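Engineer: no sequence for this one, just the structure:
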């Protein structure tokens, strides 16, 4: 497969007198048809949302409840030493504030990486992680979540009335506070991970942990680039070429590992050491960092039954 070919893309084709899309296209590339049903389903939903509402071309045409155009729908703000673009319409702003636990946010931050195919038409992965409308669907092997944030975007378009009861939970950044949005993921002086993101960000390659939805065991994705990372505000280590995935502002993150052993729901992945670790795989299991049960053993990121 050609890694340079996108999995899919979408575009609206026609709009009515109010700017609402009435026709659109979603294109899948056949070389990816062997991916899992879950991946293809999430990708299809992601692309349909692009055709219906979420694109840099449609955002300026959003309308309020009276049918008048918002003026404007976006603004710039300062965050993490950079100037970022945020969606400022009321429902989106309130959803972002509620999710992140920060009442002073001007709005929900848009992706600024990836060029024309990503920037301005997705939520910022550094802030919203594996939200369905982040640029990297199901980022870091998390389950993509169609959260209240994207439903709020539909509401603020003026063309739809979303059912918020259908929103899916998004663990990434939930209740993390203003510092999570405004501060660097790693303190460049001390080298310490931002406390509000301690379960999401990491510093040591292959360090064991869990995905943000706690459905998979994972490891720290600290990468080595061929040259210094740009912009300089996204360099967190003495080695200027070391960092995480670009969509996450180059923050190293815990990325889910492949295989049954990493999947907390896969009962075949428990392995011979499950009893010693106190681990149990199944539909109700989630990943935790623990020293549970046997003090002769220690594990980072094992699966245990969970209930609320």
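Structural biologist: Thanks, I have the structure now. Note that the structure is a prediction, hence the values are computed from the model and not measured.

Engineer: who's in contact with residue 225?
Structural biologist: 241-243 (C-beta atoms under 8 Å, 6 or more residues apart in numbering). Every residue, glycine included, has its C-beta placed from N, CA and C.

Engineer: Which one of those sits in the busiest neighbourhood?
Structural biologist: Within these, most neighbours by other C-beta atoms under 10 Å means residue 243, with 25 neighbours.

Engineer: Just the pLDDT for the residue nearest to that one when sequence neighbours are not counted.
Structural biologist: Nearest non-adjacent residue to residue 243, counting by C-beta to C-beta, 6 or more residues apart in numbering: residue 250, 3.5 Å away. Model confidence at residue 250, given as pLDDT, is 96.

Engineer: and the gap between residue 250 and residue 119?
Structural biologist: 15 Å (C-beta to C-beta, to the nearest Å).

Engineer: Mind checking which of the two has more residues around it?
Structural biologist: Taking other C-beta under 10 Å, residue 250 and residue 119 do not tie; residue 250 has more neighbours (25 against 16).

Engineer: State the distance from that one to residue 81.
Structural biologist: 13 Å.

Engineer: Tell me how far the longest helix along the chain lies from the chain's centre.
Structural biologist: Using DSSP state H, we find that the single longest helix of the chain is helix 37-52. In terms of C-alpha atoms, centre = their mean, to the nearest Å, the centre of helix 37-52 is set 15 Å apart from its chain centre.

Engineer: Then stretch 159-178?
Structural biologist: With C-alpha atoms, centre = their mean, you get 12 Å for stretch 159-178.

Engineer: From the opening residue of it to its closing one, how far?
Structural biologist: With C-alpha to C-alpha, to the nearest Å as the measure, stretch 159-178 spans 31 Å from end to end.

Engineer: in it, what counts as buried?
Structural biologist: For stretch 159-178, the neighbour count (16 or more other C-beta atoms under 10 Å) marks 159, 162, 167, 170-173, 176, 178 as buried.

Engineer: which one of those is nearest residue 110?
Structural biologist: residue 173 (15.1 Å; C-beta to C-beta).

Engineer: Can you report phi and psi for that closest one?
Structural biologist: In terms of degrees, to the nearest 10, the main-chain angles of residue 173 are phi 80, psi 0.

Engineer: residues contacting it?
Structural biologist: 99-100, 127-129, 180-181, 197, 200.

Engineer: Drop anything exposed from those.
Structural biologist: When these are checked for burial by 16+ other C-beta under 10 Å, the buried set is 99-100, 127-129, 180-181, 197, 200.

Engineer: would a markdown table of these with distance to residue 54 be doable?
Structural biologist: As requested, the buried ones among the contacts of residue 173 are exported to a markdown table (distance: C-beta to C-beta, whole Å):
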| residue | distance to residue 54 |
| --- | --- |
| 99 | 17 |
| 100 | 19 |
| 127 | 16 |
| 128 | 13 |
| 129 | 17 |
| 180 | 23 |
| 181 | 20 |
| 197 | 25 |
| 200 | 24 |
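
Engineer: nearest to residue 190, of those residues?
Structural biologist: Nearest to residue 190 among those is residue 197, at 14.5 Å by C-beta to C-beta.

Engineer: What's the separation between that closest one and residue 74?
Structural biologist: For residue 197, the distance to residue 74 - C-beta to C-beta - is 25 Å.

Engineer: which residues are contacting the longest helix of the chain?
Structural biologist: 7-12, 21, 24-26, 28, 32-33, 121, 132-133, 137-138, 143-144, 146, 150, 154, 160.

Engineer: Give me the next element, helix or strand, following it.
Structural biologist: Per DSSP states H and E, the first helix or strand lying C-terminal to helix 37-52 is strand 74-79.

Engineer: now that following strand, how far from the centre of its chain.
Structural biologist: Per C-alpha atoms, centre = their mean, the displacement of strand 74-79 from the mean C-alpha position of its chain is 19 Å.

Engineer: Residue 70 and residue 144, how far apart?
Structural biologist: Counting by C-beta to C-beta, the separation of residue 70 from residue 144 is 27 Å.

Engineer: Have a look at these two and say which one is more surrounded.
Structural biologist: A side-by-side neighbour count of residue 70 and residue 144, using other C-beta under 10 Å, places residue 144 first with 25 against 19.
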